[in-house]
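J.: Generate coordinates for the sequence data below:
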Amino acid sequence: RALFDLAVAREEPIPFYGELGSVNPVFVLPHAAAARAADIGRDWAGSLTMGVGQFCTNPGVVIVPAGDPARPQSRGGLRLSAATGVFLGGAVAGALAASALTRYADAWSDMQSRVGAAIKDMEAAPALMERIVDIANASYSPLEQTVEVYSRNVAVLRDLGRGATEAADFTEALNHALVITATRGERAASVQNALSKAMATGRLQADGLETVLANGGRVAEALANELGTTVNGLRDFASQGKITGDVIASALISNLERLREEAGEMPATLGDAFTRLQTNLTAFIGRLDQSTGASQRLSSAIMLVADN
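T.: As a prediction, the model looks like this:
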């Protein structure tokens, strides 16, 4: 209706043609869920993904009874047939094909495994992934890039006596510092790589400092404040080997709250919005997959077919 109103309210009205739809909720009654849950689930998934989910009649949400604990086929919702190759939850997934869902689920699983390996604690990885998602969202940074920075630096920070939480603080502070100076893409990666190298080798050398000065102005300011000098004075400290890994970590972690505030005042771009959408979609599908075990069942079924 809003689009129609805009079209006809123009000084020279234009026709409005729209194939519009809604969430189109489907309600499954208790007797139907108890009698044919699997059939309903399979048919619903087929309707949901018809035309790659683009139909205006797409049934975006299914509402099912909580179920009787003694009857697992009706408990918690409908079990979708593995043959559909999809695991779906909510309207947002309705527009995605099974292959796309699989890519999102695999990406989430891979990133969580990398975090678990980095901190040497797979059980703690899910909680840290939630923090990393928050960091990526707050700084409009790609989730995979944020995971990479965290995983790369956590071991070095551990050697400096800092734990997994402080490694997350460091990652968040660095992301915010880059947002403040609108440093994105390859320029952001160059700063992150320079700092990672400095953390690994023990000090920020001249070439790495020049990268930070050229592309990470707010990071340079934090380093200067930590050392009690000016940004230009950092070159002298670098030549003396005084910009150590501990200095870098302290400069960013101690300024986390301030960097959060400054980054929060920066306007978001359309690209930022899509980056956040991608992050949250990956997290949503990844969590859903892990809670239902859908992709594990699907991969097991495919392996069974492949082996026979």
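J.: Give me the buried stretch members for the helix or strand hosting residue 179, please.
T.: Assessed by DSSP states H and E, residue 179 sits inside helix 164-180. Buried residues in helix 164-180, defined by neighbour count with 16 or more other CB atoms under 10 Å: 164, 166-180. Placement of C-beta: from N, CA and C, glycine included.
J.: what does stretch 268-276 contact?
T.: 136, 137, 140, 141, 142, 184 (CB atoms under 8 Å, 6 or more residues apart in numbering).
J.: Report the distance from it to the chain centre.
T.: Here the centre of stretch 268-276 is set off from its chain's centre by 13 Å, with CA atoms, centre = their mean, to the nearest Å.
J.: same deal with stretch 209-224?
T.: How far stretch 209-224 lies from its chain's middle: 26 Å, per CA atoms, centre = their mean.
J.: Just the endpoints, please. Distance across it?
T.: Across stretch 209-224, the terminal residues are separated by 12 Å (CA to CA, to the nearest Å).
J.: returning to what we had before: ok, which pair from the buried residues of helix 164-180 is furthest apart?
T.: The largest separation in the buried residues of helix 164-180, counting by CB to CB, is between 164 and 180 at 25.0 Å.
J.: Now flag whichever of the buried residues of helix 164-180 is closest to residue 293.
T.: Among the buried residues of helix 164-180, and counting by CB to CB, the member closest to residue 293 is residue 164, at 26.7 Å.
J.: on that earlier part again, what's the angle between whichever helix or strand comes after the helix holding residue 179 and helix 164-180?
T.: Next helix or strand after helix 164-180 toward the C-terminus (DSSP H and E): helix 185-201. Relative orientation of helix 185-201 versus helix 164-180 (axes from the mean of the first three to the mean of the last three CA atoms, to 10 degrees): 140 degrees.
J.: Report the mean confidence score over helix 185-201.
T.: Regarding helix 185-201, the rounded mean pLDDT is 87.
J.: quick one: that helix to chain centroid distance?
T.: Here helix 185-201 is found 21 Å from its chain centre; the criterion is CA atoms, centre = their mean.
J.: Show me what it is packed against.
T.: Other helices and strands packing on helix 185-201, by 3 or more CB pairs under 8 Å, 6 or more residues apart in numbering; DSSP states H and E, are helix 143-159, helix 164-180, helix 206-215, helix 245-253.
J.: Is it possible to get CSV of those helices that adds distance to residue 112?
T.: Converted to CSV, the helices and strands packed on helix 185-201 look like this (distance: least, CB to CB, whole Å):
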stretch, distance to residue 112
helix 143-159, 9
helix 164-180, 14
helix 206-215, 30
helix 245-253, 24
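J.: For residue 278, find the nearest of the ones you listed.
T.: The closest of the helices and strands packed on helix 185-201 to residue 278 is helix 143-159. By CB to CB, the value is 7.3 Å.
J.: Now do that closest one and helix 245-253, the angle between them.
T.: Using the same axes, to 10 degrees: helix 143-159 against helix 245-253 is 130 degrees.
J.: Please identify the buried residues of helix 143-159?
T.: For helix 143-159, by 16+ other CB under 10 Å, it's 143-154, 156-158.
J.: Pick the one among those residues closest to residue 265.
T.: Nearest to residue 265 among the buried residues of helix 143-159, with distances taken as CB to CB, is residue 146, at 20.7 Å.
J.: Leaving out sequence neighbours, find the closest residue to residue 286.
T.: Leaving aside its sequence neighbours, residue 286 sits nearest to residue 108 (CB to CB, 6 or more residues apart in numbering; 2.4 Å).
J.: That neighbour: how many residues sit nearby?
T.: For residue 108, the count of nearby residues is 24 (other CB atoms under 10 Å).
J.: Where does pLDDT dip in the stretch 201-308 of the chain?
T.: Applying pLDDT under 70 to the stretch 201-308 of the chain flags residues 294-308.
J.: With the stretch 51-200 of the chain instead?
T.: 51-54, 66-100.
J.: tell me the secondary structure for the closest residue to residue 13 other than its chain neighbours?
T.: Excluding its sequence neighbours, the residue lying closest to residue 13 (CB to CB, 6+ apart) is residue 7, at 6.5 Å. Per DSSP: H, G, I helix; E, B strand; the rest coil, the local secondary structure of residue 7 is helix.
J.: ranges for the strands of the chain?
T.: Listed in chain order, the strands of the chain (DSSP state E) span residues 26-27, 62-63.
J.: mean confidence score for the first one?
T.: The one in question is strand 26-27. 84.
J.: what are the pairing partners of that strand, and which direction each?
T.: According to DSSP bridges, strand 26-27 forms sheet pairs with strand 62-63 (parallel).
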